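Undergrad: next come a sequence and a model predicted from it.
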Amino acid sequence: LGLADAMVDRGVTWRTGKVFAGADLLYEFDLLPEAGHKQPAFINLQQYHVEAALADAARAEPLIDLRWSNRLVGLQPCDGGASLTIETPEGDYRLDADWVVACDGARSPTRGMLGLDFVGEAFEDRFLIADVRMRADFPTERWFWFAPPFHDGQSALLHRQPDDIWRIDLQLGPQADAERERQPERVRPRLVQMLGHDRFDLEWVSVYRFQCRRLARFVHGRIVFAGDAAHQVSPFGARGANSGIQDADNLGWKLALVVQGRSPASLIDSYDCERSQAADENILNSTRATDFIAPRSPGERVLRDAALALAGKADFARRFVNSGRLSLPTAYAASPLSTPDGADWPKGPAPGAPFPDAPLAATPAGASWLSEALRPGRPLVLVHGGDAARLAPTGAACAAIACADDAAAGAGVPARRYGTMQGDAYVLR
């Protein structure tokens, strides 16, 4: 879509995270310890900025008819698609569609019309989330506390967003009254105790509980579910919006091929397989983080506290501490679109894994990064030291990893990330 650079410029870039126990720093981590990447490790950007950029891109696309104040109130599946009843301020109308992609959120009306429900669990602990506008000298880092001195016995999270907005999460416990706790007279004293001053404005406040649930299947005939309509996870680790964008990225090109008549409708089954695996992975990581942050039994709390105590003394114990593993793209180990991995290729990403970006010596399109060479949306053949154009089939792009003796081309980074030698090739989709 060409939106990434503007979002990076608009967002707050960070790479360092710190984890505290009480007032003591347990450890810090670096999300980008290796050089040679086009994009930063992580950006913080409010969802409304992302939605505005996507809406502008949709309005500029002649194939998209973006209709505001249109609400789905009826849905009748059929063999060739579905019939939809749409409610508008001017009256209802009917729309017949070959395919329906339901991206209508956690309370999805589409899901309800099909009589579908989530499978999973809801956690009891409640959390306060607040966006605070203030000028602060805190570094642009992610700070997480277990049992902070300003919020005894619970957890807290602080990180910066654009426009002098700071996101704060405070664990409240399972007995907290959600309506009472979101009132400014309750919120402000908690934040004053945390920040040490009252020079801030409340932009937004909510109280939530974790949900780790998903549909058993994401594809129901010609109706496909994506985003929160298909799955829900805790917000720790930025898995919600990221996984929704990954759903769209996975489904978009497949649906385009089917609509154009270039692939059978069964290709959409691979979306269900791959994104179900991703949802399970996100739910597993979210559940583990929630169990560590908010132990549900005395035994779990004893183990959690022991891990925290040990992490402050021994480096190996840090991997046991879970303050919310940050979102990563899923490696589709069981994808029907991948061939079995050969044992004679022990290095580099396996079939179905996300591709590591890398600087390139040259491509026919003049791209200097592998991600740029993939931007047109075609499959790409990546060849180490060979004739990439000769190996690429019709309709595919190509790129070359220069031989190691070509020092000027910077061959070391892509060869190292892909574990390639002379004559090796990858196909990226």
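TA: Okay, I see it.
Undergrad: S270: which element?
TA: helix 268-293 (DSSP states H and E).
Undergrad: check which residues of that helix are buried.
TA: The neighbour-count check on helix 268-293 (16 or more other Cβ atoms under 10 Å) flags 268, 270-272, 274-279, 281-283, 285-287, 289-293 as buried. C-betas here are computed from N, CA, C, even on glycine.
Undergrad: please apply the same query to stretch 326-340.
TA: Taking 16+ other Cβ under 10 Å as the criterion, stretch 326-340 shows L326, S327, T330, A331, Y332, S335, S338 as buried.
Undergrad: the nearest residue to the fourth one once chain neighbours are set aside in helix, strand or coil?
TA: Among residues not flanking A331 along the chain, A353 sits closest, at 4.0 Å (Cβ to Cβ, 6 or more residues apart in numbering). A353 falls in the coil class when you classify it by DSSP: H, G, I helix; E, B strand; the rest coil.
Undergrad: A353 touches S335, doesn't it?
TA: No: contact criterion Cβ atoms under 8 Å: A353 and S335 do not qualify, at 9.9 Å.
Undergrad: for the nearest residue to E121 once chain neighbours are set aside, what are phi and psi?
TA: With sequence-adjacent residues excluded and distances taken as Cβ to Cβ, 6+ apart, E121 is closest to C212, at 5.8 Å. Note on C212: its backbone torsions stand at phi -130, psi 90 [degrees, to the nearest 10].
Undergrad: can you pull out the helices in the stretch 301-429 of the chain?
TA: In the stretch 301-429 of the chain, the helices defined using DSSP state H, counting those that start in this stretch lie at 370-374, 388-391, 412-418.
Undergrad: hey, least reliable of those helices by pLDDT?
TA: Per-stretch mean pLDDT for the helices of the stretch 301-429 of the chain is lowest at helix 388-391 (a mean of 74).
Undergrad: and that one, what does it pack against?
TA: In terms of contacts (3 or more Cβ pairs under 8 Å, 6 or more residues apart in numbering; DSSP states H and E), helix 388-391 is packed against strand 380-384, strand 397-401.
Undergrad: so for the first one, mean pLDDT?
TA: Per-residue pLDDT values over strand 380-384 give a mean of 85.
Undergrad: so who does G74 touch?
TA: S83, L84, T85, M113 (Cβ atoms under 8 Å, 6 or more residues apart in numbering).
Undergrad: for R325, what are its contacts?
TA: Per Cβ under 8 Å, 6+ apart, neighbours of R325: G237, N285, R288, A289.
Undergrad: do the same with S335
TA: With Cβ under 8 Å, 6+ apart, S335 has these contacts: S270, C273, E274, P351, G352.
Undergrad: mind running it again at 10 Å?
TA: Counting by Cβ atoms under 10 Å, 6 or more residues apart in numbering, S335 makes contact with S270, C273, E274, Q277, P351, G352, A353.
Undergrad: what is the least confident helix or strand in the protein?
TA: helix 388-391 (a mean of 74; mean pLDDT, DSSP states H and E).
Undergrad: SS state for the nearest residue to R296 once chain neighbours are set aside?
TA: Distances taken as Cβ to Cβ, 6+ apart put E124 closest to R296, at 7.4 Å, once the chain neighbours are dropped. Using three-state DSSP, the structure places E124 in strand.
Undergrad: surely E124 touches P295?
TA: No: using Cβ atoms under 10 Å, E124 is not in contact with P295, being 11.4 Å away.
Undergrad: the two: which is more packed in?
TA: Of the pair E124 and P295, P295 is the one with more neighbours under other Cβ atoms under 10 Å, namely 16 against 12.
Undergrad: ramachandran coordinates for the more buried one?
TA: Per degrees, to the nearest 10, the backbone of P295 is at phi -60, psi 140.
Undergrad: what's the distance between it and A265?
TA: Using Cβ to Cβ, to the nearest Å, we find P295 at a distance of 46 Å from A265.
Undergrad: now the spatially most central residue of the chain: which helix or strand?
TA: For the chain, the residue nearest the mean C-alpha position is N242 (2.1 Å; Cα atoms, centre = their mean). Using DSSP H and E, N242 maps to helix 239-259.
Undergrad: what's that helix packed up against?
TA: helix 47-59, strand 100-102, strand 223-225, strand 231-232, helix 268-293 (3 or more Cβ pairs under 10 Å, 6 or more residues apart in numbering; DSSP states H and E).
Undergrad: mind redoing it with 8 Å?
TA: helix 268-293.
Undergrad: any idea of the angle the helix it packs on forms with helix 239-259?
TA: Per axes from the mean of the first three to the mean of the last three Cα atoms, to 10 degrees, the angle that helix 268-293 makes with helix 239-259 is 180 degrees.
Undergrad: and helix 268-293, average pLDDT?
TA: 94.
Undergrad: what is it packed up against?
TA: strand 119-133, strand 201-214, strand 219-220, strand 231-232, helix 239-259, helix 298-311.
Undergrad: so for the fourth one, mean pLDDT?
TA: Mean pLDDT, computed over strand 231-232, is 95.
Undergrad: ditto for the third one
TA: Mean pLDDT, strand 219-220: 98.
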